[in-house]
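Participant: Next come a sequence and a model predicted from it.
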Amino acid sequence: MADAPSPSPAGSLPRLAHPDGSSIRALVVDDEANLAELVSMGLRMMGWNVHTAADGQQAIADAREFRPDVLVLDVMMPGVDGLEALNKIRAFSPRVPALFLTARDAVEDRISGLAAGGDDYVTKPFSMEELMLRLHRLVQRSGAAASASAELVVGDLVMNRETREVSRNGEDISLTNTQWELLRYLMENPKRVLSKAQILANVWNYDFGGQANIVELYISYLRKKIDAGRPPMIHTVRGVGYVLKPAAA
């Protein structure tokens, strides 16, 4: 069973849309109606257009008409399972990315899903925040969404996502790869309070096992490079997280 979705994951991710401004389309396929609805609710909070299907056969028919930008497929379903459904959908929509949901955690099951053409997988029970992050990245990589501007600007702080250059008030700032990723995430969400859990999920992908102290450490590194000798832009919201905003005049 998934954790109940909350507004925080959706609010922490930059909105994706097609170049014409229309919503990203997701097809969620699971024979557990409650789980399918939970996942759909989380994706709708990101502004996505979501259809659900209760089995693989329905998923194939819906995919042909709905033309989703991403698939969320339960592996174990009666009749046509997720692996077979993806194979048949790829026959007419070969480039659509797919994420498998599975209750099994054996290595051979992961290999089977990836060998069948899956782009990612999440093992039940899962975090809604992690699931939405993974789907968000799948859509970004697929090219279905409009390209984001290379330049991020918050106050006098400027980042170029292509050249990875960073400057404040025209003065170049040198960052390590992890510091750059953390600053990028903060700058993509200006004036939003981001929790340590959100930062871990988006910058470290939980590689540190949810150790929030790594976030505190890297925030302190950033402050020394971004805020030292200048009006502060990175602020702590006690008991909640961190926020980046233009410095007060």
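Facilitator: Arrived safely, thanks for sending. As the structure is a computational prediction, the values presented were derived from the model and not from experiment.

Participant: Am I right that Ala59 is in contact with Leu27?
Facilitator: Yes: counting by Cβ atoms under 8 Å, Ala59 touches Leu27, with 6.4 Å between them. Every residue, glycine included, has its C-beta placed from N, CA and C.

Participant: The two - which one has more neighbours?
Facilitator: Neighbour totals were compared for Ala59 and Leu27, and Ala59 leads with 30 against 26 (other Cβ atoms under 10 Å).

Participant: List the buried residues in the helix or strand harbouring the more buried one.
Facilitator: Assigned by DSSP states H and E, Ala59 falls within helix 56-66. Neighbour counts using 16 or more other Cβ atoms under 10 Å place Gly56, Gln57, Gln58, Ala59, Ile60, Asp62, Ala63, Phe66 of helix 56-66 among the buried residues.

Participant: can you count the residues close to the residue lying closest to the fifth one once chain neighbours are set aside?
Facilitator: Nearest residue to Ile60, sequence neighbours excluded (Cβ to Cβ, 6 or more residues apart in numbering): Lys88, at 5.0 Å. With neighbours defined by other Cβ under 10 Å, the count for Lys88 comes to 16.

Participant: same for whichever strand or helix holds Lys88, what does it pack against?
Facilitator: Secondary structure from DSSP H and E places Lys88 in helix 82-90. Judged by 3 or more Cβ pairs under 8 Å, 6 or more residues apart in numbering; DSSP states H and E, helix 82-90 is in contact with helix 56-66, strand 70-74, strand 98-102, helix 107-115.

Participant: if we can go back for a sec, between strand 70-74 and the helix holding Ala59, find me the angle.
Facilitator: Helix 56-66 and strand 70-74 are oriented at 170 degrees to each other (axes from the mean of the first three to the mean of the last three Cα atoms, to 10 degrees).

Participant: send the alpha carbons of helix 56-66 over as CSV?
Facilitator: Below are the C-alpha coordinates for helix 56-66, written out as CSV (Å, rounded to 0.1, in the frame of the first residue of the first chain):
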residue,chain,number,x,y,z
GLY,A,56,-4.0,-5.0,-18.8
GLN,A,57,-6.6,-5.5,-21.5
GLN,A,58,-8.4,-2.2,-20.6
ALA,A,59,-5.0,-0.5,-20.4
ILE,A,60,-4.2,-1.5,-24.0
ALA,A,61,-7.5,-0.1,-25.3
ASP,A,62,-7.2,3.1,-23.2
ALA,A,63,-3.6,3.7,-24.3
ARG,A,64,-4.6,3.5,-27.9
GLU,A,65,-7.1,6.3,-27.5
PHE,A,66,-5.6,8.3,-24.6
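
Participant: who does it touch, helix- and strand-wise?
Facilitator: Packing partners of helix 56-66 (3+ Cβ pairs under 8 Å, 6+ apart): strand 25-29, strand 49-53, strand 70-74, helix 82-90.

Participant: The first one pairs with which strands?
Facilitator: Which is strand 25-29. With DSSP bridges as the test, strand 25-29 is paired with strand 49-53 (parallel), strand 70-74 (parallel).

Participant: could I have it exported to PDB, CA atoms only?
Facilitator: As requested, C-alpha coordinates have been extracted for strand 25-29 and formatted as PDB (Å, rounded to 0.1, in the frame of the first residue of the first chain):
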ATOM      1  CA  ARG A  25      -1.000  12.500 -19.700                       C
ATOM      2  CA  ALA A  26      -0.500   9.500 -17.500                       C
ATOM      3  CA  LEU A  27      -2.200   6.100 -17.600                       C
ATOM      4  CA  VAL A  28      -2.300   4.300 -14.200                       C
ATOM      5  CA  VAL A  29      -3.000   0.600 -14.400                       C
END
